[in-house]
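Enquirer: Curious how this folds, go ahead:
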Amino acid sequence: MSPRSPALARTVLMAAILAFAPFVAELSHAQAAAPSYNLPDFADLVEKTGPAVVNIRTTERVRSRGAPGADDDEMAEFFRRFFGVPMPGAPTPPGGQRRGQPQGEEQSRGVGSGFVISQDGYVMTNAHVVADADTIYVTLLDKREFKAKLIGSDKRTDVALLKIDATGLPKLAMGDSDKVRAGEWVLAIGSPFGLDNSVTAGIVSAKGRDTGDYLPFIQTDVAVNPGNSGGPLINLRGEVIGINSQIYSRSGGYMGISFAIPIDEAMRVTEQLKANGKVTRGRIAVAIGDVTKEVADSLGLGRARGALVGSVEPGGPAEKAGIEAGDIILKFNGRDIEKASDLPRMVGDIKPGTRVPLQLWRKGATREVSITVAELDADAKIKTRGGNSPRDDSSAPTAKPNALGLIVNEIPDAKLKELKIKSGVEVDQVDGPAQRAGIRPGDIILRLGDSDVTSPRQFNELVKGLDKGRIAAVFVRRGDATQVLTLRPGTMSSR
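Expert: Residues are numbered from 1 along each chain as shown. Okay, here's the model as predicted:
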């Protein structure tokens, strides 16, 4: 075969180029249209916000301790002169004063961070940064130092408000923590280990992390260490979205998980601190727990939501409103409750004395009630009785466990009155499904599904009528707390 001519080869090559030209053009267009992502440059942001971030130093007065020896006096003088602090563990002489260090001299307690929220000198920080301090010093980026006045602090949210005597200060703008999204860039400015105005950056890892009744934290991977507490968490618009407050750590240092108080929560607290020097919260006097999927299914709720009432404080707002242990609170003041931790925050935001609507789930149906919110006492605790002890009752109606594995007894009228319940049965023996669910002798069975329990005979009849293919909800009272346990009926053999 004779070789192809150069003219034929050029023709074939040109045809191939023309054939692929549309695909090349389309690829080039797609690459041009694809968005490009660049890492943010925080330099301008830090330059803008840094001057409003402050260092907070706290001190305490030296207390008397005891009598030293001559060597101790020399060592104490060494620490005082070269380090400016008292010798660790140094005692004091009988007169109550160290040689070389007058009684009542200031001693450093700790270092933290804060930020200016108004040009006239209001500074926000963490409550634990200034707790038990005798004197609080605030140092600005330009090295000016002020003695600060503590306007007020709130331990529940770990927020404190300070005031320094200054005007025309640089301040930070407040953002909207409700609009924070997981994955967005944020930075922290503070004084980790006393290193003033240190900047670290990262992203928001999650929102609404529950670590306390009033703290739905923002979780980040921003490096936060001791000394960062009280400093701002800032978004790319230069707005404060949180106060750096806690870290998860096994070593005491940063391990990749840090938590910030949402600025919306913090501002609500500081407004009350500024106006009254303290925070007033509402309460309805109930103990609550989460609603599991099993409990929701067994009670016909559809999906897991709301707050399960475990106990109701006698004489409290909830009891007066007719709320009972075992109820599930679905709405408070028109707002849905998705998880139990939502309720304390909603109630806490209501001014004491306000009457609000509440929706609850009881026996397969919703009920609407009104409740007057009381004031929360920070030191108030619900009193609980000890667990009920089992009793020996030879008149038990049956010696054979029912399909739930329970043998129950009648409750005398005097005990019903003592427990402040209308009816129920007391567990005498436990086996099978009930034992696996955690029911104990001495527990009180109040309800089975949507039916109140009135006697051992009636309870056993209710158990007989249970569908063995479905989970049953048992309302169990132990001490003052009521919980809902889910059981699947089984076949019990006679003993």
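
Enquirer: State which strand of this protein is the longest.
Expert: strand 198-210 (DSSP state E).

Enquirer: Each with direction, which strands does the next helix-or-strand element following it pair with?
Expert: Following strand 198-210 in sequence order, the next helix or strand is strand 216-220 (DSSP states H and E). Strand 216-220 has the following sheet partners, assigned by DSSP bridges: strand 198-210 (antiparallel), strand 258-262 (antiparallel).

Enquirer: Residues contacting the longest strand of the chain from elsewhere in the structure, which ones?
Expert: Contact with strand 198-210 is made by 40, 42, 46, 50, 180-192, 216-224, 228, 257, 259, 339, 341, as judged by C-beta atoms under 8 Å, 6 or more residues apart in numbering. To be clear about C-beta, it is placed using only N, CA and C from the backbone, and glycine gets the same treatment.

Enquirer: So for it, what gets flagged as buried?
Expert: With burial defined by 16 or more other C-beta atoms under 10 Å, the residues of strand 198-210 counted as buried are Ser198, Val199, Thr200, Ala201, Gly202, Val204, Ser205, Arg209.

Enquirer: so what's the nearest residue to Tyr248 once chain neighbours are set aside up against?
Expert: Nearest residue to Tyr248 in three dimensions, chain neighbours excluded: Ile257, at 4.0 Å (C-beta to C-beta, 6 or more residues apart in numbering). The neighbours of Ile257, taking C-beta under 8 Å, 6+ apart as the test, are Ser205, Gln219, Asp221, Ile247, Tyr248.

Enquirer: pLDDT value on Ile257, please?
Expert: We have a pLDDT of 90 for Ile257.

Enquirer: Could you measure from it over to Ser249?
Expert: Separation of Ile257 from Ser249 (C-beta to C-beta, to the nearest Å): 8 Å.

Enquirer: Is Gln272 in contact with Arg281, as I believe?
Expert: No - contact criterion C-beta atoms under 8 Å: Gln272 and Arg281 do not qualify, at 9.2 Å.

Enquirer: Show me the shaky parts of this structure.
Expert: 1-37, 62-104, 211-214, 378-399, 491-495 (pLDDT under 70).

Enquirer: in it, which spans are helices?
Expert: All helices of the chain, identified by DSSP state H, fall at 6-33, 43-49, 70-83, 127-130, 263-276, 293-298, 317-320, 342-348, 413-419, 432-437, 456-464.

Enquirer: hang on, the earlier thing: from the contacts of Ile257, keep the buried residues only.
Expert: Ser205, Gln219, Asp221, Ile247.

Enquirer: closest to Ala285 among those?
Expert: Ala285 lies nearest to Gln219 out of the buried ones among the contacts of Ile257, by C-beta to C-beta, at 31.4 Å.

Enquirer: for that closest one, what are its contacts?
Expert: Going by C-beta under 8 Å, 6+ apart, the list of residues near Gln219 reads Val204, Ser205, Ala206, Lys207, Arg209, Ile257, Ser258, Phe259.

Enquirer: Could you report the neighbour count for the residue lying closest to Ala127 once chain neighbours are set aside?
Expert: Nearest non-adjacent residue to Ala127, counting by C-beta to C-beta, 6+ apart: Ser153, 4.0 Å away. Using other C-beta atoms under 10 Å, Ser153 is surrounded by 23 other residues.
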